[in-house]
Each structure stands twice: as C-alpha cells, then as structure tokens.
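>>> make a model of this:
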Amino acid sequence: MNNRWLILGVLFLARLTMAFQFQSIAALSPFVSDAYGVGLAEIGFLIGLYLAPGVIVAIPGGAVAARFGDKRVVGASLGLMALGAVMVLLAPGWGWLIAGRVVAGIGGVIVNIVMTKMLVDWFAGREVSTALAIFVNSWPIGIALALLVLPLVATSAGLAAAWTLIVGVIAAGLVLFALGYRPPDGAEERSGKIAVSSLPILALICASLVWAFYNAGLAMVFSFGPEVLVARGWTLAEAGKLVSAFMVVFSVFLPFGGVIADRTGRRDAVIVLSMASYFALLLMALPMPVWAVWGITLAVAALFGGAAGPIMSLPSAVLRPQARAFGMGVFFSIYYGAMMVAPTLAGSLAEGSGQPALAITLGAGLIALGIGALTLFRAVARRPVAMA
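Reported below is the predicted structural model:
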C-alpha cells in the first residue's frame, strides 16, 4: 500500500478501537454498576484507569518501538488491548475488571504514541497538520460510536454481549492494521539502539504543554460545562444538549484547522486564534439569553477545533526521524501527567468554592499558559538542539 491517505485510513480505524474501548465503561456504566455492585466513584476510577498507565509507560513505549520496530510494537499493543478486553469479558469479580482495564490501557497508550509517530513518518513535510487533524478525530468518533452502540447491545443482549463486541472490534482493528499498514519507503522499521542523542528536550516539553493545556481546556467544557449551566438555572437535559452539540461541532470542524495551516503555512496563527476563542466561554457564567449562549458556545466549538492538528504537528518540526519514537514517548508522558492533574484540580476548585464556573476559568488560564508555551516553543526551536 503506497497511498499515504489509505495508510491514514488504516491508522484512523485502528486508533478508533482505542477510543471505543476507553469509552466502554462510561457507555455501559449502569450495567457495570448493577453487575458488580459499585457506585459512580468506582465507575470514575475505572474510566480514568485506562489512561493512567500513560504517565509510566509512555517513554518506555516509545523506546521499545525505537528498538523493536513500530509495526511490531503497535501490533503487540493492540494484542494487549484485546487481552484486556477478554479479561473484562471473563472477569469473575471487581479485581479482574481492574486488571483487565490496566492491561488494555497499557496497550492503548502505546498505540496512541507510536501510531502518531508512524503517521508523522508518512506525512512529514507535506500536509502533516491536515493528516494529524483527521487522525486525532478518531478519538471523538470512537467515543461517539461507543455511546451509541454499546448501550443498545447491552440493553438487548446483556452486558456480556457488549463486552464481546468490544473484543471483536479490537480484533478487527488488529487484523486491519496487520494487513494494511507498512512503513514508508526509506523508513527504518527498527534501529539497533534507542536514538535519544540530540533530543530537543525543552522544545519537546513546550510542545507537549501546548497539547496538554489545550486538551485540559477542552475537558473543562465537557466535564463541568453542564454544571455551570445548571447553576445558571438551566435543566440538566438542556445543558447536556448544548455540551453535546459543542463536541459534535468541535469534531466536524477539527480537520479544517489542519487544512488551513497546511495551505497557508501559518500554523501558529491558526493555533493562537483557535485557543484564544476559548475565552469567550467565560461568558457562559454571565446572565445571557439562551440563544446567545448557544451561539457563542457553538462558534467557539468551531474555532477551537482548528488547533488540534497544527498542535500535534509541533513535535515533527523539531524531532529527527530516528528520534521520533522516543521523542513522542516524552511528548505523551508529559501530556498524560498534566491531564491527570487538571480535571482533579478543577473539580476541587469548583466543589470547594461552590462555583462550577471556576472550572471554566481555570480552563481559560490553562489556555493562556498554552499560548505562552507555544511562544516559548518557537523561541527554543530556533536554538541548537539540547542534548538529552
């Protein structure tokens, strides 16, 4: 397969299975609660457990890919996702459910890291922002599919049938990847050593912080947006509709930012304009007509989605091909760490003050820090590469 856009399709569908598996606990939460006798706190723990291994395994995962080859490592990681899904399917109790979630999460985290590097290998220097914007969209689409399909299956055929479907989806993704992916011509599928020399540490940290703060700001919207609107007198159903509409518009417009960045060459301008639009969400806490809140929120969703692809292309601007696998491990390790802290901090602020809008305010502050990290990234990216 020589067409890089077909390769993008293979990677998109394979990564979609990760999002599908991640969202499975939230999608099936009433059934999981009934089956295992647990509450919302335990459900939340299971949801977060999937990405938690990223802090620990992101860097080793990138290093292992550099040593043994991207395709082998991604294939094995998809196998871990399938194994974790089987463990959840057969879990006799809560402990096995946790173990299956951890195993699946380790595989999913490595898939996310190494597939991103593989896509950059295919598109480096040509339409990389567009490709990454499309690739990133596999996450919200996979989540949406899980929310749509899994409850229907569990309602009609039981929880075990839904778990079985997850196993089948991941197995299909593994087969598609194994048969449909190959490295680009001239790319080394394996290097005898881990390439960390000349790794641009400071630039990589800055790029990762831009991505982390951008996603943390987004998380404030879909995690705390409903509470902000309810505090203003909206019903929970009305608030949920607006936040759902925000995510739909965000996903639809996400690829356009990459296209504009590639066509104009003005990646930073696209990122800054997109991220700056977030500050309009602070108006949600003000007494405004319902139509105005809807209009502002959906306009922000369209603009905010545009930054994802260009931000994800930042590491490719400073990482040499032989250092991409390890470098993307560093990139995602910082990202996962920040994403563990930000929602917890926002929840504590909102609960402690009794003002849910503080979560959106925190999101705006993180977005401002992200714009600052982008400025620092451009400053250090022009300097000689820092030795690891």
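
>>> residues making contact with the helix or strand harbouring L179?
Using DSSP states H and E, L179 maps to helix 159-180. By C-beta atoms under 8 Å, 6 or more residues apart in numbering, the residues outside helix 159-180 that reach it are 1, 6-7, 10-11, 13-14, 16-17, 20-21, 24, 28, 31-32, 35, 74-75, 78-79, 81-82, 85-86, 88-89, 149-150, 153-154. For the C-beta atoms, the positions are set from N, CA and C on the backbone; glycine is no exception.

>>> ok, 6 Å please
Here helix 159-180 makes contact (C-beta atoms under 6 Å, 6 or more residues apart in numbering) with 10, 13-14, 17, 20-21, 24, 28, 31, 35, 75, 78, 81-82, 85-86, 88-89, 150, 153-154.

>>> what subset of those residues is buried?
10, 13-14, 17, 20-21, 24, 28, 31, 35, 75, 78, 81-82, 85-86, 88-89, 150, 153-154 (16 or more other C-beta atoms under 10 Å).

>>> now the angle between helix 159-180 and the helix or strand hosting A82, please.
For A82, the element it lies in under DSSP H and E is helix 70-90. Calculated by axes from the mean of the first three to the mean of the last three C-alpha atoms, to 10 degrees, helix 70-90 forms an angle of 170 degrees with helix 159-180.

>>> which SSE is immediately downstream of helix 70-90?
helix 94-123.

>>> the helix or strand that that next one is followed by - contacts with which helices or strands?
Next in sequence after helix 94-123, counting helices and strands by DSSP H and E, comes helix 128-136. When contacts are defined as 3 or more C-beta pairs under 6 Å, 6 or more residues apart in numbering; DSSP states H and E, helix 128-136 packs onto helix 94-123, helix 236-264, helix 308-312.

>>> off-centre distance for the next helix or strand after the helix holding L179?
Using DSSP H and E, the helix or strand that follows helix 159-180 in sequence is helix 201-231. Taking C-alpha atoms, centre = their mean, to the nearest Å, one finds the center of helix 201-231 at 11 Å from the center of the full chain.

>>> now do the buried residues in helix 201-231.
Buried residues in helix 201-231 (16+ other C-beta under 10 Å): 202-221, 223-229, 231.

>>> could you do stretch 171-190 as well?
Buried, per 16+ other C-beta under 10 Å, within stretch 171-190: 171, 173-174, 176-177, 181, 183.

>>> one step back: relative to M339, which of the helices and strands packed on helix 128-136 is closest?
helix 94-123 (11.7 Å; C-beta to C-beta).

>>> pLDDT on the closest one, on average?
Mean pLDDT, helix 94-123: 89.

>>> equivalent analysis for stretch 277-296, please.
87.

>>> again with stretch 180-195
65.

>>> S129 reaches G309, doesn't it?
Yes: using C-beta atoms under 6 Å, S129 is in contact with G309, at 4.4 Å.

>>> can you list residues touching both of the two?
Contacts common to S129 and G309, judged by C-beta under 6 Å, 6+ apart, are G258.

>>> low-confidence stretches in the stretch 101-250 of the chain?
Filtered on pLDDT under 70, the stretch 101-250 of the chain yields the residue ranges 125, 186-198.

>>> could you measure the residue nearest in space to the middle of the chain against Q355, distance?
Of all residues in the chain, the one closest to the mean position by C-alpha atoms, centre = their mean is W139, 6.1 Å from it. Per C-beta to C-beta, to the nearest Å, W139 is found 30 Å from Q355.

>>> swap in V149?
37 Å.

>>> ditto for S274
27 Å.

>>> can you check A280 too?
19 Å.

>>> same question, F224
11 Å.

>>> kindly report the same for G100.
38 Å.
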